[in-house]
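**Q** Got a sequence here, can you build the structure:
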Amino acid sequence: MGLTLALSLQLWLQGGYSLTQSAGIPQWQSEFDMPWIPRFGISIHLAIDGLSLLMVVLTGLLGVLAVLCSWKEIEKYQGFFHLNLMWILGGVIGVFLAIDMFLFFFFWEMMLVPMYFLIALWGHKASDGKTRITAATKFFIYTQASGLVMLIAIQALV
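**A** Take a look at the predicted model:
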């Protein structure tokens, strides 16, 4: 995550990124586009502009802070905790960079799965394991239901 923060800060300091658009037309500073599932017109289309760069910088900063704060706090399954944390942060960055709606949905759902494990395994310390698992299961059901609504809305747009 430190590398992500360093690279995004370097991009920010190189300049050329603004939060404004000219004549309402998006101006991507960097763009990556590659066919993913051409049969359905789905591509891996990532782009960065001033606003998404700012969000990636803030995500990198929060990721570094989360790792530092959890360094001595997490006692069990440390590797699995950090894997889930990086998985979430990768999904968040993907959401900020995604241009294709299907890719946006993919990254959105991708970051919800490790959140289940973070809640179930490292939730509130005062609660027992059963309460954390119940909370994680409810969270997962609600987010999957809202994800289904979002998928239907995306299909309606396309």
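**Q** Output the below-cut-off pLDDT ranges for the protein.
**A** Applying pLDDT under 70 to the chain flags residues 1, 12, 15-26.
**Q** which stretches of it form strands?
**A** When assigned using DSSP state E, the strands of the chain occupy the ranges 30-37, 42-48.
**Q** Go through those strands and pick out the most buried.
**A** Stretch with highest mean neighbour count among those: strand 42-48 (a mean of 18; mean count of other Cβ atoms under 10 Å). The C-beta positions use only the backbone N, C-alpha and C, and glycine is treated the same way.
**Q** Dump the strands of the chain to JSON lines, plus distance to M110.
**A** As requested, the strands of the chain are arranged in JSON lines below (distance: least, Cβ to Cβ, whole Å):
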{"stretch": "strand 30-37", "distance to M110": "14"}
{"stretch": "strand 42-48", "distance to M110": "13"}
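**Q** Identify all contacting residues around stretch 127-147.
**A** Surrounding stretch 127-147, the residues in contact under the criterion Cβ atoms under 8 Å, 6 or more residues apart in numbering are F105, W108, E109, L112, M115, Y116, F117, I119, A120, L121, G123, H124.
**Q** can you do 10 Å?
**A** With Cβ atoms under 10 Å, 6 or more residues apart in numbering as the test, stretch 127-147 has contacts from 105, 108-109, 111-113, 115-125, 150.
**Q** in it, what counts as buried?
**A** By neighbour count with 16 or more other Cβ atoms under 10 Å, stretch 127-147 contains the buried residues R132, I133, A135, A136, F139, F140, T143.
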